[in-house]
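K.L.:
Prediction below, plus the sequence it came from.
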Amino acid sequence: MSLEGVGLTFGYRGKGKKGVLDRVDLCLEPGERLGLSGPSGRGKTTLCKLLSGYERPDKGQVLVDGKPLGEYKGLCPVQMIWQHPETAVDPLMKLGDTLKEGGPVEEGLLEALHIQPAWLERYPTELSGGELQRFCIARALRPGVKYLLCDEITAMLDLITQAQMWNFLLEQAERRQLGLLIVSHNSALLERLCTRVQPL
Ligand SMILES: Nc1ncnc2c1ncn2[C@@H]1O[C@H](COP(=O)(O)OP(=O)(O)OP(=O)(O)O)[C@@H](O)[C@H]1O
């Protein structure tokens, strides 16, 4: 049982772009917290996009518990939380409608993330960055999700909010035996949170 990227090779199309990833391997097991480090522009976000099905590799494959990611129907068992939450939600939809699109939310989850019911009546621009990121975490943590890819998700938050968010995610990951991929430029953060760090 694991999330596996095998020989992942990828380049964005057009404009004479050169390849971004060349035969990258990665394996994340349930309950594991894997850090992903590497300089800016190396392809960490791109790798997360491949692992969660937002982009398809030119070569190689993504396997979830031995089965190709593309064969999963319905909710994707690999969910990505993005660095900039405002780019991850439809700006024209009220947050409550966005949340409903993904199916049921576990009871108590919104309260645990201190998400106020009134926020669900608002549009994304009517929340702060930290509030919207908590909403995106709630949206990602569906029943059935097995792997969570966290791409610099607390980089824009103050230290107290960062600590609260990570405490919450670590507790959820432990309880649900989620595999976490944590992307960060902050090596101290990776050392503290992760069971293993893989450079890209
Ligand atoms: N949609 C896109 N179209 C074309 N090129 C892109 C696109 N997204 C990213 N790139 C390019 O792909 C390369 C890898 O970008 P990516 O965002 O994956 O890097 P990263 O390691 O996550 O960087 P950072 O640490 O700065 O967030 C960069 O050279 C970037 O310019």
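P.N.:
Now that the structure is in, tell me what you want to look at.

K.L.:
just checking, Trp119 touches Leu95?
P.N.:
Yes. Trp119 is within contact range of Leu95, at 5.9 Å (criterion: C-beta atoms under 8 Å). Placement of C-beta: from N, CA and C, glycine included.

K.L.:
Could you give the number of residues near the closest residue to Thr98 other than its chain neighbours?
P.N.:
Spatial nearest neighbour of Thr98, excluding adjacent residues (C-beta to C-beta, 6 or more residues apart in numbering): Val89 at 5.5 Å. Val89 has 20 neighbours, counted by other C-beta atoms under 10 Å.

K.L.:
Assign Val89 to helix, strand or coil.
P.N.:
coil (DSSP: H, G, I helix; E, B strand; the rest coil).

K.L.:
Tell me the pLDDT of it.
P.N.:
We have a pLDDT of 93 for Val89.

K.L.:
for the one 3 residues further on, same thing?
P.N.:
Predicted confidence (pLDDT) at Leu92: the value is 95.

K.L.:
Tell me the spacing between it and Ser128.
P.N.:
19 Å (C-beta to C-beta, to the nearest Å).

K.L.:
returning to what we had before: so for Trp119 and Leu95, which sits in the more crowded spot?
P.N.:
The neighbour count for Trp119 versus Leu95, taken as other C-beta under 10 Å, is higher for Leu95 (24 against 19).

K.L.:
Model confidence at the more buried one, what's the number?
P.N.:
At Leu95, pLDDT is 95.

K.L.:
same thing with Gly16?
P.N.:
57.

K.L.:
Where does pLDDT dip in the chain?
P.N.:
Low-confidence segments of the chain (pLDDT under 70): 15-17.

K.L.:
From Ser52, how far off is the most centrally placed residue in the chain?
P.N.:
Residue closest to the mean C-alpha point of the chain, counted by C-alpha atoms, centre = their mean, is Met80 at 2.5 Å. From Met80 across to Ser52, the span is 4 Å (C-beta to C-beta).

K.L.:
what do you get for Cys194?
P.N.:
19 Å.

K.L.:
Then Ile182?
P.N.:
14 Å.

K.L.:
again, but for Ile137
P.N.:
To Ser52, Ile137 is 15 Å away according to C-beta to C-beta.

K.L.:
Please list all residues in contact with Gln133.
P.N.:
The contact partners of Gln133, by C-beta atoms under 8 Å, 6 or more residues apart in numbering, come to 81, 85, 153-154, 157, 165.

K.L.:
tell me the secondary structure for it?
P.N.:
helix.

K.L.:
got it, and Glu4?
P.N.:
strand.
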